[in-house]
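Asker: I'll drop the sequence and a predicted model, then ask my questions.
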Amino acid sequence: MISQRVRTITPSATLSLNARLQELRAKGSEIINLSVGEPDFETPKFIREVAHEAMDSGWTRYTATSGHPEAREAVCEHVQRTRNVTVDPDQVVLSSGVKHSLSQALLSLVNPGDEVLMGAPYWVSYPELVRLADGIPVAVETRIEDGFRLTRESLEKKLTPRTMGIILNEPGNPTGRVSSASEVLELVEFARDNDLWILSDEIYEALIHEGQLNSPFSIDPERDTPEVMRNYLSSFEGKFTGITGKPEKIFKLSQSWGIASQKIFSENGEYTVNHSSPIILLKNGKYVDRITHKDDLKRSIKIIKKYL
């Protein structure tokens, strides 16, 4: 006998389709397989060499449940650099992939009968992972005419007393949608106002070719209010302000001040600190977008014109 929980889960649509395509390919059909997100090339040589070197160096034992401390430190630096959020290694758990991470998170957050909202179309595994945790997946339809935007209004239509959380996906799979900062802020405010948690799947962050990742992890509705942003902007008088000293002290200060910073290492192991501050755009006193050092002149003009 298997559990009722397992009986409610349907086979992976992705793997089922992939298996069918493999069968057709074996029979001689010419197939372009877009079902599984697996590269069509071998693991790069330098990665294989590093893995081989690690095994020869004795990295073959059980690891800590949450992952190697060095790897978790690297994740903290990545989060600070890409999301301007300081996290402690104790807050980081490494996994074998996004499905593993999502299942652990949902099993930790969802009680039997809890409803979890998700924008549709969605990655096919989301509903099954919610069901695995004895939750109820609730699809919130989005329209191609609106660029598959998930809105507060559409979420409110699906909100019930049993709603406990939202799964967001930036950039979206399968739509490829990248939400603006103001759109993400709207969703964060909705979650805050209704006491909901947000589970943000950002596995494809490196595949954004236009725009940038606007993670709900980086947004604090209590902090990023129009009044705070107006005061922040009014504090600048066209002057450059800088600090001098050893790189390690500058890096610690930049983290405590909430400035996105990055260590630039040289071959001898020493490093300098690179940091940048975005230009905040307000419309009618409300935060709508930002321009960073990653935006070239053409894109910066495009962003500004959008709000004129």
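Answerer: Received it, and whenever you're ready, just let me know what you need.
Asker: okay, now the domains of the protein?
Answerer: Following automatic domain parsing, the chain resolves into domains at 9-61, 95-217, 226-306.
Asker: what about the first one, start to end distance?
Answerer: Distance across domain 9-61, first residue to last, is 34 Å (C-alpha to C-alpha, to the nearest Å).
Asker: and N33, how far from I291?
Answerer: In this view, N33 and I291 are 39 Å apart by C-beta to C-beta, to the nearest Å. To be clear about C-beta, it is placed using only N, CA and C from the backbone, and glycine gets the same treatment.
Asker: and L159, by the same measure?
Answerer: 34 Å.
Asker: what do you get for H100?
Answerer: Counting by C-beta to C-beta, the gap from H100 to I291 is 36 Å.
Asker: go on, I9?
Answerer: For I9, the distance to I291 - C-beta to C-beta - is 44 Å.
Asker: which parts of this protein are strands?
Answerer: 115-120, 136-141, 163-169, 197-201, 261-265, 271-275, 279-283, 286-291 (DSSP state E).
Asker: could you find the closest non-adjacent residue to S95?
Answerer: S101 (4.4 Å; C-beta to C-beta, 6 or more residues apart in numbering).
Asker: low-scoring stretches of the stretch 101-250 of the chain, by residue?
Answerer: 221-250 (pLDDT under 70).
Asker: coming back round to it: who has more neighbours out of I9 and I291?
Answerer: For I9 versus I291, neighbours defined as other C-beta atoms under 10 Å are more numerous around I291 (16 against 12).
Asker: I'd say that one and S300 touch.
Answerer: Yes: counting by C-beta atoms under 8 Å, I291 touches S300, with 5.0 Å between them.
Asker: against G147, how distant is the nearest residue to C76 once chain neighbours are set aside?
Answerer: If the residues on either side of it in the chain are set aside, C76 comes closest to V87, at 5.3 Å by C-beta to C-beta, 6+ apart. Distance of V87 to G147, given as C-beta to C-beta: 31 Å.
Asker: please apply the same query to L117.
Answerer: In terms of C-beta to C-beta, L117 sits 19 Å off from G147.
Asker: identify the bridge partners of E115.
Answerer: Beta bridges link E115 to I136, T163, judged by DSSP bridges.
Asker: about what we covered before: how much space between the residue nearest to S95 and T60?
Answerer: Using C-beta to C-beta, one gets 24 Å for the distance from S101 to T60.
Asker: so between the two, which is more surrounded?
Answerer: Neighbour count, other C-beta under 10 Å: between S101 and T60, S101 has more, with 16 against 8.
Asker: I figured the more buried one hits S108, correct?
Answerer: No: with contact defined as C-beta under 8 Å, S101 does not reach S108; the gap is 10.9 Å.
Asker: can you pull the contacts of P127?
Answerer: 118, 137, 139 (C-beta atoms under 8 Å, 6 or more residues apart in numbering).
Asker: look up how far V138 lies from it.
Answerer: Using C-beta to C-beta, we find P127 at a distance of 9 Å from V138.
Asker: give me the common contacts of those two.
Answerer: M118.
Asker: check the offset of stretch 207-214 from the chain's centre.
Answerer: Mean C-alpha position of stretch 207-214 versus that of the full chain (C-alpha atoms, centre = their mean, to the nearest Å) differs by 11 Å.
Asker: grab the nearest non-local neighbour of the spatially most central residue of the chain.
Answerer: Central residue of the chain (C-alpha atoms, centre = their mean): E202, 2.5 Å from the mean position. Spatial nearest neighbour of E202, chain neighbours left out: E170 (5.4 Å); criterion: C-beta to C-beta, 6+ apart.
Asker: I'd say the one you found and F217 touch.
Answerer: No: assessed by C-beta under 8 Å, E170 is found out of contact with F217, at 9.9 Å.
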